[in-house]
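**Q** I'd like to go over a predicted model; first the sequence, then the structure.
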Amino acid sequence: MFSRNINYLTLTSEIANELFPNIFGDCYSNDTSFVATLRALVAPRMSKDDTICLRVRAINPRESYLRDYGETDKINYLSDHCIDNNTILVCGFNSASENNRSTALAAIDESFTRVYPKFVELKDLSAFVAKQANMRFYINEEDRSVAVFVDNLNLRLYHYVQSLVSRLLPWYFKDKPLEDQERELVKSLIQKTATGYERMIEDFANKYDFRGKKIEKMLGGFETAAKRQHLSNVDRELSNLENSIDRNVNQYRDFIRQREAKMLERAGLMAQINSGCKESEISDYFVCNKHLDPVRVNSTQLEFIVKCYLENFDVEMYDRISSNFDGYMYYDYDVTNEVFEDVKVRKKFMDAIFSDEPVLRIKTCAHYVIDLTGWVEAPSGYQYPVEYHDMLPNMHIHRHSCLGNQKPLIEEALRSGDNIGAIEQCVCSAKSINVGESATFPYVLKALFASGAKKIIELPDGTSCSPTEALRWLEAQENNTEVSE
């Protein structure tokens with residue numbers, strides 16, 4: 001009996017598995033010869049409804065388990081629950097302990113046929129192989145099941161069990177015993193080398209048209225499958241083209257709508273030009289409003305400066321925040337003009353500016369760029385001409401280039417052709433200051449209370465003066481009031 005591992009046989013190839021779907025099962029130590037032997041010897045004797053499933057198990061029986069288990073559980077443990085119809089079970093007891101293996105075989109001898117009464121033990125077969133191995137053989141002809149238990153299973157004994165297949169499956173060989181070539185195959189399983197078996201098992205494989213089956217599997221329907229794949233590709237390409245057509249149609253319609261809108265816009269402009277429209281609206285507005293100073297015109301863009309006073313602010317918010325002498329109106333900036341070091345002096349000065357009826361006003365300016373096509377910006381850090389040095393730039397715009405809520409109003413006016421309305425909104429933003437904005441308002445106060453402050457304050461009579469001069473005037477007015485009282 002040879003002990004070499006046998007695999008990669010034609011009768012156990014992928015094509016063979018399709019040719020013999022009714023004979024299948026396990027291998028042992030990667031040896032697939034048992035399934036090949038069954039397909040060589042038994043397949044010709046099987047009907048289309050017959051099946052054989054080979055199960056190979058190597059059990060390491062433990063005496064303690066066998067002692068604790070009941071009879072049925074003990075047998076199921078030793079057979080790994082593999083007793084089933086149309087099944088060949090080859091179960092090896094491979095414990096290193098000879099006593100454990102002997103105990104396991106004794107349990108099989110004592111209880112197997114009681115647990116599975118349909119099985120008959122082939123004692124003569126056990127006696128026949130006794131010189132070679134210690135085995136037990138049970139067959140169930142009604143359910144066509146076989147159980148073989150082997151003491152210390154190895155590849156040699158695994159091949160030996162295969163040589164007994166005609167005895168183990170008598171229902172297939174009763175009316176059709178082994179022929180000469182089949183007997184030679186059986187004998188090859190008990191030879192010392194595997195050469196004879198490998199040669200003969202391939203002779204049996206040659207009886208079947210494996211090449212034709214392989215061609216059928218690989219090429220059968222190949223052309224149709226290729227055409228189906230081609231069809232799938234064409235369908236996908238058609239779907240992509242139809243989607244592109246839909247997108248292009250929608251884009252075409254959108255272009256038509258845009259073209260119609262532009263044609264209407266063009267017609268309106270042409271009508272205005274042909275009717276002799278005058279370039280007077282914006283220029284007349286700038287002539288009439290001395291607080292507007294044009295800087296540059298570039299195509300559709302107009303750059304200008306607004307001169308005005310900081311007069312749009314929330315008086316109630318100012319009153320609430322200025323009453324907190326620990327807040328940012330007094331400590332979030334540097335005071336470099338010593339006359340304003342006292343917070344109460346600063347409070348009095350600010351009250352004269354940020355009230356319902358201000359006595360003093362801060363002269364401010366802001367720089368804008370509007371585009372008559374519909375947008376506006378106020379770039380931060382603009383360098384004002386020298387004539388604006390006695391004005392305080394609107395800090396929110398100058399530092400943050402932010403127009404706040406006015407920006408959408410200005411751009412909406414520009415898009416609707418209300419250019420004067422857009423400029424007026426710019427003027428409104430230039431006049432506005434948020435006294436509650438701690439990120440910007442302290443910069444206004446820092447400029448007011450700086451030692452080098454220019455004449456950024458205007459008195460009620462229109463006189464421009466510095467914050468220091470404005471404070472002296474304010475104090476003089478208070479003294480005159482006290483005298484008169």
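**A** Good, I have the coordinates. Everything numeric here is computed off the predicted structure, so don't read it as measured data.
**Q** biggest helix in this structure by residues?
**A** Criterion DSSP state H: the longest helix present in the chain is helix 222-274.
**Q** which strands and helices lie in contact with that one?
**A** Using 3 or more C-beta pairs under 8 Å, 6 or more residues apart in numbering; DSSP states H and E as the contact test, no helix or strand touches helix 222-274. Bear in mind the C-beta positions are built from the backbone N, C-alpha and C, glycine included.
**Q** just how off-centre is the helix or strand just after it within its chain?
**A** Next helix or strand after helix 222-274 toward the C-terminus (DSSP states H and E): helix 281-288. Put simply, helix 281-288 sits 59 Å off its chain's centre (C-alpha atoms, centre = their mean, to the nearest Å).
**Q** residue 170: neighbour count?
**A** Close neighbours of residue 170, defined as other C-beta atoms under 10 Å, add up to 11.
**Q** same check on residue 401?
**A** 14.
**Q** that one and residue 369 touch, don't they?
**A** No. Between residue 401 and residue 369 there is no contact under C-beta atoms under 8 Å: 10.8 Å.
**Q** shared neighbours, the two?
**A** 377-379 (C-beta atoms under 8 Å, 6 or more residues apart in numbering).
**Q** who wins on neighbours among the residues you listed?
**A** Among the shared contacts of residue 401 and residue 369, residue 378 has the most neighbours (other C-beta under 10 Å), with 25 neighbours.
**Q** and stretch 347-359, what's buried?
**A** Neighbour counts over stretch 347-359 (16 or more other C-beta atoms under 10 Å) mark 349-354, 358 as buried.
**Q** my error: substitute stretch 106-119 in the last question.
**A** Those would be 107-108, 111-112, 115-116, 119, for stretch 106-119 by 16+ other C-beta under 10 Å.
**Q** now stretch 56-75
**A** 56-59, 61, 63, 65-66, 74-75.
**Q** picking that back up, what is the nearest of the buried residues of stretch 106-119 to residue 194?
**A** residue 108 (30.0 Å; C-beta to C-beta).
**Q** part of a helix, is residue 108?
**A** Yes. Judged by DSSP: H, G, I helix; E, B strand; the rest coil, residue 108 forms part of a helix.
**Q** ok, now which ones touch it?
**A** Counting by C-beta under 8 Å, 6+ apart, residue 108 has contacts 75, 78, 136, 149.
**Q** residues contacting residue 473?
**A** Per C-beta under 8 Å, 6+ apart, neighbours of residue 473: 459, 465.
**Q** name the SS class of it, please.
**A** helix.
**Q** before we move on, the earlier item: need the buried residues of stretch 347-359 in JSON lines with secondary structure, can you?
**A** As requested, these are exported to JSON lines (three-state DSSP):
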{"residue": "349", "secondary structure": "helix"}
{"residue": "350", "secondary structure": "helix"}
{"residue": "351", "secondary structure": "helix"}
{"residue": "352", "secondary structure": "coil"}
{"residue": "353", "secondary structure": "coil"}
{"residue": "354", "secondary structure": "coil"}
{"residue": "358", "secondary structure": "coil"}
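**Q** between which two of those is the distance greatest?
**A** The span of those, defined through C-beta to C-beta, is set by 349 and 358 at 11.4 Å.
**Q** overlap in contacts, the two.
**A** Counting by C-beta under 8 Å, 6+ apart, residue 349 and residue 358 have no contacts in common.
**Q** re earlier: is it possible to get a markdown table of the contacts of residue 108 that adds distance to residue 295, secondary structure and pLDDT?
**A** What follows is the contacts of residue 108, written out as a markdown table (distance: C-beta to C-beta, whole Å; DSSP: H, G, I helix; E, B strand; the rest coil; pLDDT from 0 to 100):
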| residue | distance to residue 295 | secondary structure | pLDDT |
| --- | --- | --- | --- |
| 75 | 106 | helix | 93 |
| 78 | 104 | helix | 93 |
| 136 | 111 | strand | 97 |
| 149 | 107 | strand | 97 |
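**Q** okay if I get those as CSV plus distance to residue 373?
**A** Converted to CSV, the contacts of residue 108 look like this (distance: C-beta to C-beta, whole Å):
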residue, distance to residue 373
75, 94
78, 93
136, 100
149, 96
